[in-house]
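Asks: Give me the fold of what follows.
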Amino acid sequence: MRARLEVNEKQFRLVTYIALASLTLIVFTGALVRLTDSGLGCPTWPRCYGHIYPPVSLHPLIEFGNRAISGFVGVITVVVFVLSLTRKPFRKDLAWLSASLPLGVVAQAVLGGFTVREKLAPGFVMSHFLLSMVILIFAFWLAWRATFEQGARPRTNDRLLAWSVRGLSVLCAITLFAGTAATAAGPHSGGYVGQHIKRLTIEGPDTLEWAVHQHATIAAVFGVFAILVWLLKRSRVPALDPLEPLTVLGVLLAAQGLVGSVQYELKLPAEMVWVHIVLATFTWLVTLWAVAVEGRIGEPAGVENEEAIDTIVAEWSRSVPAS
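Replies: Presented below is the predicted three-dimensional model:
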């Protein structure tokens with residue numbers, strides 16, 4: 001069985017990216033559940049109205065569909081973990097990271113169950129989304145590490161730039177948290193007409209206005225800091241690649257600012273809120289990408305790559321018969 005499941009480096013790298021894509025997709029479908037007022041389409045968990053299948057009605061079908069997709073994503077993460085054990089050559093770091101994915105999906109399922117049982121209480125809904133962002137960290141890091149041979153990931157001696165980009169990830173995380181608070185206070189409770197859903201009311205009737213302004217302020221600080229970090233890297237690297245993650249991040253933040261402003265003026269239509277969440281998720285992934293590209297602080301970037309290439313060339317030379 002182990003021999004049949006054996007995969008090489010390229011094959012394992014492919015499945016890690018499939019896992020990352022599927023874990024990203026489930027964020028989008030989860031947002032769709034909330035924004036179609038289907039959060040309590042199945043008011044019981046794990047079954048729907050006590051059955052293993054939902055009634056033929058819009059809200060239950062949407063909610064149960066998201067649960068089914070989550071189950072499929074869970075299977076994918078288990079497959080990734082199993083393949084990390086049969087990968088040739090075996091790498092302990094990839095196995096540990098792979099193990100975190102199914103554990104994360106299980107944690108999400110349990111948290112999702114409590115979220116339903118607590119009638120979509122704001123704290124549970126916010127935690128549900130934020131846990132997805134944490135799981136994406138592990139999924140991205142797994143795919144990134146699987147892209148390189150062991151010990152071949154880039155390093156950098158530019159501490160200022162590396163720590164500045166890492167600072168961006170902290171600002172991005174705070175912005176996401178503030179965004180979940182704004183959503184928790186907004187008109188999209190996740191429940192349909194007639195269902196009583198708790199809302200975030202820390203500032204009374206002005207909570208939504210307060211949360212939106214806090215979110216906008218933090219996002220603006222994030223955007224300005226992203227520009228400053230881009231300029232810092234531009235001063236270090238005269239010719240940036242068009243797909244430089246900091247450049248992509250800047251474009252995404254500009255798009256987010258536009259979408260956020262328009263959706264606020266239009267009284268938060270569900271369709272635009274969903275687009276806002278999708279862009280937020282991609283912003284988080286690109287921020288992680290930017291952190292990864294700057295490399296680990298240590299020897300100058302590329303040193304480990306050069307050493308790995310020299311080792312490969314030397315081994316290849318020894319394997320070639322003398323003429």
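Asks: Check His276 and give its pLDDT.
Replies: His276 carries a pLDDT value of 94.
Asks: Just to check, it is in contact with Gln256?
Replies: Yes. Taking C-beta atoms under 8 Å as the definition, His276 is a contact partner of Gln256 at 6.9 Å. All C-beta atoms are positioned from the backbone trio N, CA, C, and that covers glycine.
Asks: distance between stretch 275-286 and the chain's centre?
Replies: Relative to its parent chain, stretch 275-286 has a centroid offset of 8 Å by C-alpha atoms, centre = their mean, to the nearest Å.
Asks: export that stretch as PDB, just CAs?
Replies: Below are the C-alpha coordinates for stretch 275-286, written out as PDB (Å, rounded to 0.1, in the frame of the first residue of the first chain):
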ATOM      1  CA  VAL A 275     -16.600  40.400  -3.500                       C
ATOM      2  CA  HIS A 276     -15.000  42.300  -0.600                       C
ATOM      3  CA  ILE A 277     -14.500  39.000   1.400                       C
ATOM      4  CA  VAL A 278     -13.000  37.300  -1.700                       C
ATOM      5  CA  LEU A 279     -10.500  40.200  -2.200                       C
ATOM      6  CA  ALA A 280      -9.700  40.200   1.500                       C
ATOM      7  CA  THR A 281      -8.800  36.500   1.300                       C
ATOM      8  CA  PHE A 282      -6.600  37.000  -1.700                       C
ATOM      9  CA  THR A 283      -5.000  40.000   0.100                       C
ATOM     10  CA  TRP A 284      -4.100  37.700   3.000                       C
ATOM     11  CA  LEU A 285      -2.600  35.100   0.700                       C
ATOM     12  CA  VAL A 286      -0.600  37.700  -1.200                       C
END
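Asks: Touching it from outside, list them.
Replies: Contacts made with stretch 275-286 from outside it, assessed by C-beta atoms under 8 Å, 6 or more residues apart in numbering, are listed as 24, 27-28, 31, 133, 136, 140, 172-173, 176, 179, 245, 248-249, 252-253, 255-256, 259-260, 263.
Asks: I'd like the list of those residues that fall within strands, please.
Replies: Residues from the contacts of stretch 275-286 lying in strands, with DSSP state E as the criterion: none.
Asks: what about Met126, neighbour count?
Replies: Met126 has 19 neighbours, counted by other C-beta atoms under 10 Å.
Asks: show me the residues around the residue sitting nearest the centre point of the chain that make contact.
Replies: Nearest to the mean C-alpha position of the chain, by C-alpha atoms, centre = their mean, lies Leu136 at 3.4 Å. By C-beta under 8 Å, 6+ apart, Leu136 lies in contact with Leu20, Leu23, Thr24, Val27, Thr281, Trp284, Leu285, Leu288.
Asks: cool, Leu246 as well?
Replies: For Leu246, the contact set (C-beta under 8 Å, 6+ apart) comprises Val165, Ala226, Val229, Trp230, Lys233, Leu240, Ala290.
Asks: just Trp274 next, same as before
Replies: Per C-beta under 8 Å, 6+ apart, neighbours of Trp274: Phe28, Ala31, Leu32, Leu35.
Asks: hmm, try it at 7 Å
Replies: For Trp274, the contact set (C-beta atoms under 7 Å, 6 or more residues apart in numbering) comprises Ala31, Leu32, Leu35.
Asks: Identify the residue spatially nearest to the first one, adjacent ones excluded.
Replies: Here the nearest residue to Ala31 in space, its sequence neighbours aside, is Ile277; by C-beta to C-beta, 6 or more residues apart in numbering that works out to 4.4 Å.
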